[in-house]
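*Asks:* Sequence first, then the predicted structure, then my questions.
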Amino acid sequence: MSVLAVDYRLVPEHTVADAIDDGVDACRWLLDRGVTDIVLAGDSAGGGLAVSVATRARDDGLPPLAGLVLFSPWARRGPAAPAADSFLTPRCIARVLRLCGAAPGSPDLHDLPPALILAGGRELLAADSHWLAQRFRDAGVSCELQVWPGQGHVFPLLRALPESAAALTEVARFLTTRAVEVARRR
């Protein structure tokens, strides 16, 4: 599968809205080139950004996306309880909140594509993954939440972990399923 990595604008030099604009512009760029089976993916704050780009693309009338893959998405809810996360700290979360601004309300997720959320059972933002998965389901969107016991924040991207390979196999399964379903709609 082809991948487009978007060099979107970052805080504090730019706003979160600028990053969302960049993501939607990237979707338009792909659509202009005939790409129709777009899956947005992101980890941590990038997972939350992927959801924001998907909702903006929907609101702007772009064709439906094929899917969302979210690794430990930060839905800007913050930690619900202490966890033994070796990667992310409450101090880090507080700093990012200061840079990004106030947390948004509950996102309107209706008519978004199916989503796969992978989270570690020991990460500080595990509650965000549960919260976001429930919001998807409440909106009637198919969402598969996988919480991997003993794992920390964005563990699938830590290639040295044996669980990373297994988690990425789950992502490949999801992407293959989405590609087949998109092809059937054509």
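*Replies:* Received the coordinates, thanks.
*Asks:* which residues in this protein form strands?
*Replies:* Taking DSSP state E as the test, the strands found in the chain are 39-43, 67-71, 115-120, 143-148.
*Asks:* so how far is the last one from its chain's centroid?
*Replies:* Between the mean C-alpha location of strand 143-148 and the chain-wide mean there is a distance of 12 Å, by C-alpha atoms, centre = their mean, to the nearest Å.
*Asks:* ok, now stretch 110-118?
*Replies:* Here stretch 110-118 is found 9 Å from its chain centre; the criterion is C-alpha atoms, centre = their mean.
*Asks:* What of stretch 157-169?
*Replies:* 17 Å.
*Asks:* about what we covered before: so can I have JSON lines of the strands of the chain showing distance to residue 32 and mean neighbour count?
*Replies:* In short, each C-beta sits where N, CA and C put it, glycine included. As requested, the strands of the chain are exported to JSON lines (distance: least, C-beta to C-beta, whole Å; neighbours: other C-beta atoms under 10 Å):
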{"stretch": "strand 39-43", "distance to residue 32": "17", "mean neighbour count": "22"}
{"stretch": "strand 67-71", "distance to residue 32": "20", "mean neighbour count": "26"}
{"stretch": "strand 115-120", "distance to residue 32": "25", "mean neighbour count": "27"}
{"stretch": "strand 143-148", "distance to residue 32": "29", "mean neighbour count": "17"}
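*Asks:* These: which one's closest to residue 60?
*Replies:* Among these, strand 39-43 comes nearest to residue 60, with 14.2 Å by C-beta to C-beta.
*Asks:* now for that closest one, which elements pack on it?
*Replies:* Applying 3 or more C-beta pairs under 8 Å, 6 or more residues apart in numbering; DSSP states H and E, we find strand 39-43 packed against helix 45-59, strand 67-71.
*Asks:* Hey, what's the angle from that strand to helix 45-59? Just curious.
*Replies:* On the basis of axes from the mean of the first three to the mean of the last three C-alpha atoms, to 10 degrees, strand 39-43 is oriented at 150 degrees to helix 45-59.
*Asks:* what does the average pLDDT come to for strand 39-43?
*Replies:* Throughout strand 39-43, pLDDT has a mean value of 97.
*Asks:* Kindly report the same for stretch 12-23.
*Replies:* For stretch 12-23, mean pLDDT rounds to 93.
*Asks:* swap in stretch 92-111?
*Replies:* Computed over stretch 92-111, the mean pLDDT rounds to 71.
*Asks:* Quick one, grab the pLDDT at the spatially most central residue of the chain.
*Replies:* For the chain, the residue nearest the mean C-alpha position is residue 47 (2.6 Å; C-alpha atoms, centre = their mean). Per-residue confidence (pLDDT) for residue 47: 93.
*Asks:* where along the chain do the helices fall?
*Replies:* According to DSSP state H, the chain carries its helices in the segments 16-32, 45-59, 90-100, 126-138, 162-185.
*Asks:* need these in CSV with distance to residue 151, can you?
*Replies:* Formatted as CSV, the helices of the chain follow (distance: least, C-beta to C-beta, whole Å):
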stretch, distance to residue 151
helix 16-32, 27
helix 45-59, 15
helix 90-100, 18
helix 126-138, 10
helix 162-185, 6
